[in-house]
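> here is my input; please provide its structure:
(2 chains)
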Amino acid sequence: MKKLILIAAIACWGLPPNYDYAQNSYDRDTESKLTAIERVVRLQALPSKDVNTLNTFLADEFVLVTMDGTTRSKQDLWAYLQSVDSLRYSMQEMTVRGHGNTAIVTGLFQMWGMQRGKPFKRQGRFVDTWLNREGRWVLLASVSTPTHD
Amino acid sequence: MGVARQRVYANTRLIAIQAFEWIGGHVRVLVVQMLFLSVIANCVWAQDASDPGTAASIRALEKQWTVGQSRNDNRALDLIFDNALVYVEYGRLVTKGEYLARIKSVSPEVDQIAMEPMTVRTFGTTAVVVGSYVEKQRNQEKRAVQRWKFVDTWVYKKNGWVLVAAAAAPVSNE
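Below you'll find the predicted structure:
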C-alpha cells in the first residue's frame, strides 16, 4: 500500500512540468500549422480561386464578416471570387492563440486587384476562428476590420 | 481430506472470495466511472450544431457583457473575458487589460450600445456569435451613430464559457 502511495505521489509530482511541456509543444505545433494554413488559404488559394483547397479548410458553416460589415457564407465567397478579375494578397504580424481545439489567428492584411474592370485596394486586420474537427483544422469564422493604427 | 488440509482449503477459498469481491468492487467503480465519462463526453458532443441551452447561455453572456460595459462593471467583465482575449476595437488590437481600463474610464452617457438580433452557433466547447449592434456616441455636443457587425468567439473552459475573441466591422452606409 505504501509502495502504491509512493508511486502515485511520484507520478503526481511529475505531472505539472510534463503537462506544461506537452501544452507548450501543442501550442507550438498549433501555431506553426495554422500559420502555414493561413498562408495557403490567403496567399495562394484566394488569389488563384482554388475552390478545392478553400473547401478543405473552410467549414460548411463558415461565416465571413467583411470590412464593410457584410455577412457572407461559403457560397457567397465563391460568388465574390468569380466576380473578381485578379486578386493579390499580403499579410503581416500574424499571431495564433490556442484554446484546446479552438484557435484564434489575427494579423494585418492588404488585398488589391481588379473587380469588373475596376481596381481596388483594401487593408485591415483579420480575426479568424479555427476549430480542430477530428484532427483537421477548419475555419469557422473570419472578420475583417479597417485599421486605425 | 485431513483437518489441516480442509482448513487450508477453507482459508484459500475465503481469500479467493475476498479477492474476487475486492476486484469486483473496483471493476464496478471502474464501470461507473467509464459510464460517467461517456455521459459527460456525450453531453459535450451533443452540444454541437444547435444546442438551445448553450445558445441561451451565450446570449445571456453577451447581454451580461453589454450591461457590464454600460455600468463600468469591470469585475463582471473580468469573469467573462479570457486572459488571452483577442479584442479588436476600432481596428486596433487591444489586450484584456487595456480594454477593461478603457471601459472603466468611459462615461456611460457618452457611449451607448443597442444590441440587435444575433446568431449563435455551437461546436462542442466552442461557440461563434454573429450579430450587429448600434453604437451611439456623444462627443463635444456631437452625436454619432454607427452600426457594427460583429463576430465573437466563446470557449468552454474550467469555470464556464469565456470570450476568447471579439471583432467588429463598421457597416457601410452606402
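
> need the residues of chain B near chain A, please.
Proximity of chain B to chain A, by CB under 8 Å from any CB of the partner chain, involves residues B:82, B:84, B:86, B:88, B:90-93, B:121, B:123-126, B:128, B:130, B:132, B:147-151, B:153, B:155, B:157, B:164-165, B:167-172, B:174. For the C-beta atoms, the positions are set from N, CA and C on the backbone; glycine is no exception.

> report the buried members of these.
Listed as buried from these are B:82, B:86, B:88, B:91, B:93, B:121, B:123-126, B:128, B:130, B:132, B:147-151, B:153, B:155, B:164-165, B:167-171; burial here means 16 or more other CB atoms under 10 Å in any protein chain shown.

> contacting residues for residue B:133?
Taking CB atoms under 8 Å, 6 or more residues apart in numbering or on different chains, we find residue B:133 in contact with B:66, B:113-116, B:147-148, B:150, B:168.

> any weak-confidence spans in chain B?
B:1-50, B:108-111, B:139-141, B:174 (pLDDT under 70).

> please identify which residue in it comes closest to chain A.
residue B:171 (3.3 Å; CB to the nearest CB).

> so what's that residue closest to, chain neighbours aside?
residue A:69 (3.3 Å; CB to CB, 6 or more residues apart in numbering or on different chains).

> strands of chain A, start to end?
With DSSP state E, the ranges of strands along chain A come out as A:58-65, A:71-73, A:84-99, A:102-115, A:118-133, A:136-146.

> what do you get for chain B?
Ranges of strands in chain B, per DSSP E, are B:81-89, B:92-94, B:111-123, B:126-139, B:142-157, B:160-170.

> kindly reformat those as a markdown table containing distance to residue A:128.
Formatted as a markdown table, these follow (distance: least, CB to CB, whole Å):
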| stretch | distance to residue A:128 |
| --- | --- |
| strand B:81-89 | 10 |
| strand B:92-94 | 13 |
| strand B:111-123 | 14 |
| strand B:126-139 | 11 |
| strand B:142-157 | 9 |
| strand B:160-170 | 9 |
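
> how many other residues sit next to the residue of chain A found nearest chain B?
Taking CB to the nearest CB as the measure, the point where chain A comes nearest chain B is residue A:69, at 3.3 Å. For residue A:69, the count of nearby residues is 21 (other CB atoms under 10 Å in any protein chain shown).

> likewise the one 10 residues further on?
For residue A:79, the neighbour count with other CB under 10 Å is 10.

> and it, what's its pLDDT?
Per-residue confidence for residue A:79 comes out at a pLDDT of 93.

> enumerate every residue touching it.
Per CB under 8 Å, 6+ apart, neighbours of residue A:79: none.

> do you know how far it is from residue A:64?
Counting by CB to CB, to the nearest Å, the gap from residue A:79 to residue A:64 is 12 Å.

> also residue B:160?
Note on residue B:160: its distance to residue A:64, by CB to CB, is 28 Å.

> give me the more crowded residue out of the two.
More crowded of residue B:160 and residue A:64, by other CB under 10 Å: residue A:64, with 22 against 11.

> how near is the closest residue to the more buried one other than its chain neighbours to residue A:66?
Leaving aside its chain neighbours, residue A:64 sits nearest to residue A:72 (4.4 Å; criterion: CB to CB, 6+ apart). Residue A:72 is 6 Å from residue A:66, where distance means CB to CB.

> more neighbours: which of those two?
Shown here are residue A:72 and residue A:66; by other CB under 10 Å, residue A:66 has more neighbours (20 against 16).

> show me the contacts for that one.
Residue A:66 sits next to A:72, A:144, B:169 when contact means CB under 8 Å, 6+ apart.

> quick one: contacts for the last one?
Spelled out, it's residue B:169. Contacts of residue B:169 by CB under 8 Å, 6+ apart are A:65-69, A:143-146, B:148-150.

> turn those into a markdown table, including distance to residue B:74.
As requested, those are exported to a markdown table (distance: CB to CB, whole Å):
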| residue | distance to residue B:74 |
| --- | --- |
| A:65 | 27 |
| A:66 | 32 |
| A:67 | 30 |
| A:68 | 32 |
| A:69 | 28 |
| A:143 | 25 |
| A:144 | 29 |
| A:145 | 24 |
| A:146 | 28 |
| B:148 | 22 |
| B:149 | 26 |
| B:150 | 21 |
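
> of those residues, closest to residue A:36?
residue A:144 (20.6 Å; CB to CB).

> surely the closest one touches residue A:109?
Yes: proximity of residue A:144 to residue A:109 meets the contact threshold set by CB atoms under 8 Å, at 7.2 Å.

> pick out whichever of the two has more residues nearby.
Each of residue A:144 and residue A:109 has its neighbours counted (other CB under 10 Å); residue A:144 has more, 24 against 21.

> tell me what that one is bridged to.
Counting by DSSP bridges, residue A:144 is bridged to residue A:126.
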